[in-house]
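Student: the following block contains a protein sequence and its predicted model.
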Amino acid sequence: MTWPPCLPVFLESALSTEHSYIYDLDLEELTQKLVDWGEPSYRGLQVWQGLYQNLWHTPEQFSNLPHKLRLRLGEVFVFAHLQPESILESSDGQTRKTLFSLPDGQAIEAVLMRYDRRRTLCISTQAGCAMGCVFCATGQMGFRRHLSSGEIIEQVLYYARILRNEGQNVTNVVLMGMGEPFHNYAATMQAIDRMNHPQGFNFGARRFTISTVGLVPAIRRFAQEQRQVNLAVSLHAANDQLRSAMLPVNKKYPLQELIEACREYVRETHRRITFEWALIQGVNDSVEEARKLADLLQGMLCHVNIIPLNPTRKYSGSATTRERALAFQAELERCGIPCTIRMRRGIDIQAGCGQLASER
Ligand code: SAH
Ligand code: SF4
């Protein structure tokens, strides 16, 4: 006997009125849903293009569909799941941060940065984070939950609409907001694939950057998948004792294992890896530490991004002085490691990872 033999009527109706979140579906799933309603299959692509090419976000906007179908879309699907709760603009007008609330009360952040001709979005993959890095506002919150693929996508669509109204486009997306993307691997990759779809948003894989704290099995898996997506690894220390004290995940995946996985990634993909290093006064900003870092990375196709620490409430460390940052950079360069000092962006709007949501 198949189960359930017969659904009670009340349950059946409850199921049929359940809302699904439209950005959680890929083109095939969306098309199947419409076909199940008795619609011709080309309707799937029409809806898809409305969502991802026209950036429509209410059923009424789908002027290419029959009225009845628009109504049904509105009854069945949720189109706007992220509610902007507060918007902060930096004093130079170049950085805008939006705090979104989710239907279950969680909050996430996404930041738009306008520098030169780039329009870069920094988006979240989780509410909170389980990795517990001591200097990170998101880590200090602890883990709340994974975001669905649709919740990752909607952050991009939200800003894409704002930019389109100004005649502009998103040029880059970095998965460096709240959360550890490789801890939420499947949803993150589904979101990237969906935004990459040539008949939809058509956002090139090379314009995404995933930043990871260093989950070794996921780095190896990512290398095997041969994606064109850029990879950044948050290093911050070149010896295990210090790294474990700052990034607890280092106890599980110590430096030697991590660097070996990074070398494997470069060997497999021939792509350059970026290493992130937040300089903290008197902690990891000495010339000796720069030398250790250079030893660790010797011969690898890589680039080091040096970022002054963004102070957070529950961490007593402070940002390195400019002189020490320049000395750190000079030592790396002397050892043949390419590196850039990245300026702190949007510091006056707490644009650092998770700083707003953690203070909610
Ligand atoms: N979980 C991923 C991506 C999100 S964090 C990761 O850890 O890589 C994005 C980047 O911000 C990481 O390099 C992280 O180490 C860095 N970061 C977090 N808190 C910071 C702070 N207070 N100051 C400077 N960089 C910080
Ligand atoms: Fe999580 Fe990244 Fe913050 Fe570490 S730095 S707690 S991995 S978001």
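Tutor: Nice, I can see it. Numbering: from 1, shown residues only. Ligands and ions are numbered 1, 2, ... in the order given.

Student: what backbone torsions are found at residue 53?
Tutor: phi -100, psi -50 (degrees, to the nearest 10).

Student: sec struct for residue 105, please.
Tutor: Classification of residue 105 using DSSP: H, G, I helix; E, B strand; the rest coil returns coil.

Student: let me redo that: residue 211
Tutor: Under three-state DSSP, residue 211 comes out as strand.

Student: what do you get for residue 303?
Tutor: strand.

Student: the one residue in the stretch 151-300 of the chain that gets nearest to ligand 2 and residue 39, how far apart?
Tutor: Residue of the stretch 151-300 of the chain nearest ligand 2, by Cβ to the nearest ligand atom: residue 213 (3.6 Å). (Glycine included, C-beta is placed from N, CA and C.) As judged by Cβ to Cβ, to the nearest Å, residue 213 and residue 39 stand 44 Å apart.

Student: which residues touch the residue lying closest to residue 335 once chain neighbours are set aside?
Tutor: Excluding the flanking residues, the one nearest residue 335 by Cβ to Cβ, 6 or more residues apart in numbering is residue 294, at 3.4 Å. Taking Cβ atoms under 8 Å, 6 or more residues apart in numbering, we find residue 294 in contact with 331, 332, 335, 336, 337.

Student: what helices and strands are in contact with the helix or strand hosting residue 163?
Tutor: Taking DSSP states H and E as the criterion, the element that holds residue 163 is helix 149-165. Under the contact criterion of 3 or more Cβ pairs under 8 Å, 6 or more residues apart in numbering; DSSP states H and E, helix 149-165 touches strand 95-101, strand 107-115, strand 118-122, helix 185-196.

Student: roughly how far is the first one from the heart of the chain?
Tutor: On the basis of Cα atoms, centre = their mean, to the nearest Å, strand 95-101 sits 14 Å off its chain's mean C-alpha point.

Student: paired strands for it, with orientation please.
Tutor: Using DSSP bridges, the strands paired with strand 95-101 are strand 83-89 (antiparallel), strand 107-115 (antiparallel).

Student: residue 201 contacts residue 52, doesn't it?
Tutor: Yes. If you go by Cβ atoms under 8 Å, residue 201 and residue 52 touch, sitting 4.1 Å apart.

Student: which neighbours do these two have in common?
Tutor: 157, 194, 195.

Student: closest one of the residues you listed to ligand 1?
Tutor: For the shared contacts of residue 201 and residue 52, the nearest to ligand 1 is residue 195 (17.9 Å; Cβ to the nearest ligand atom).

Student: run a quick neighbour tally on the closest one.
Tutor: Neighbour count of residue 195, defined by other Cβ atoms under 10 Å: 25.

Student: per-residue confidence at it?
Tutor: For residue 195, the model assigns a pLDDT of 98.

Student: just the buried ones from the contacts of residue 294, in PyMOL syntax?
Tutor: Selecting only the buried entries of these in PyMOL, with 16 or more other Cβ atoms under 10 Å as the criterion:
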select buried, resi 331+332+337
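
Student: which among the contacts of residue 294 gets closest to residue 115?
Tutor: Among those, residue 332 lies closest to residue 115 (Cβ to Cβ), at 23.1 Å.

Student: the closest one belongs to a helix?
Tutor: Yes. Applying three-state DSSP, one finds residue 332 inside a helix.

Student: quick one: contacts for the closest residue to it other than its chain neighbours?
Tutor: Excluding the flanking residues, the one nearest residue 332 by Cβ to Cβ, 6+ apart is residue 339, at 4.7 Å. Residues in contact with residue 339, defined by Cβ under 8 Å, 6+ apart, are 303, 304, 305, 306, 329, 332, 333.

Student: ranking the strands paired with strand 95-101 by burial, who's on top?
Tutor: Highest mean neighbour count of those: strand 107-115, a mean of 22 (counted as mean count of other Cβ atoms under 10 Å).

Student: what sits against the residue of the stretch 151-300 of the chain closest to ligand 2?
Tutor: 131, 133, 180, 182, 233, 234, 247, 249.

Student: and residue 21, by the same measure?
Tutor: 77, 78, 81, 148, 150, 151.

Student: can I get those in TSV with pLDDT, distance to residue 310 and neighbour count?
Tutor: Converted to TSV, the contacts of residue 21 look like this (pLDDT from 0 to 100; distance: Cβ to Cβ, whole Å; neighbours: other Cβ atoms under 10 Å):
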residue	pLDDT	distance to residue 310	neighbour count
77	97	38	19
78	97	34	15
81	93	29	17
148	98	28	18
150	98	29	21
151	98	24	27
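
Student: now, which of these sits nearest ligand 1?
Tutor: residue 151 (15.8 Å).

Student: shouldn't that closest one be in contact with residue 82?
Tutor: Yes. If you go by Cβ under 8 Å, residue 151 and residue 82 touch, sitting 6.8 Å apart.

Student: now the common contact residues for the two.
Tutor: 102, 108.

Student: ok, back up a step: now the helices and strands packed on helix 149-165 as JSON lines including distance to ligand 1?
Tutor: Shown next, in JSON lines, are the helices and strands packed on helix 149-165 (distance: least, Cβ to the nearest ligand atom, whole Å):
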{"stretch": "strand 95-101", "distance to ligand 1": "14"}
{"stretch": "strand 107-115", "distance to ligand 1": "11"}
{"stretch": "strand 118-122", "distance to ligand 1": "8"}
{"stretch": "helix 185-196", "distance to ligand 1": "11"}
